[in-house]
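**Student:** just coords:
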């Protein structure tokens, strides 16, 4: 399941995967995000709270995640990833090769710093 909320008048989207991710969840999330992108033209930032990320339900869910990222990344200026997981700490470095947005890791306790970085692009 993916929980989400908006910050700064829909400029920053926060997503929190709280269970194994399923393909339908990315379609549901896109249905919430796409109208905001259509209205605003882009999002200032995306905060991925990966502190409780448990992986994907199956390969189809991983593919859905990749499709969602491919369709959304051009509309993002910055992506912040919260995690204390050593393997997930490398995710921003990997994402920087595939997405147009600037990606930066933050420790699990760094939510305020991550939101501040997302709110003030420079």
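**Tutor:** The structure has been received and is ready for your questions. These numbers were taken from a predicted model, which means no experiment stands behind them.
**Student:** just give the nearest non-adjacent residue to the residue nearest the centre of the chain, would you?
**Tutor:** Nearest to the geometric centre of the chain sits residue 48, at 4.0 Å (C-alpha atoms, centre = their mean). If the residues on either side of it in the chain are set aside, residue 48 comes closest to residue 81, at 4.8 Å by C-beta to C-beta, 6 or more residues apart in numbering. C-beta here means a position set from N, CA and C on the backbone, and glycine is covered the same way.
**Student:** ok, and what's touching the helix or strand where the one you found lies?
**Tutor:** Per DSSP states H and E, residue 81 falls inside strand 76-82. For strand 76-82, contacts defined as C-beta atoms under 8 Å, 6 or more residues apart in numbering pick out 42-51, 73, 88, 91-92, 95, 99-108, 110-111, 114-115, 117-118, 121.
**Student:** repeat for stretch 38-53
**Tutor:** Residues outside stretch 38-53 that contact it (C-beta under 8 Å, 6+ apart) are 7-8, 10-18, 33, 36-37, 72, 75-85, 88, 91, 101, 108, 111, 114-115, 117-119, 121.
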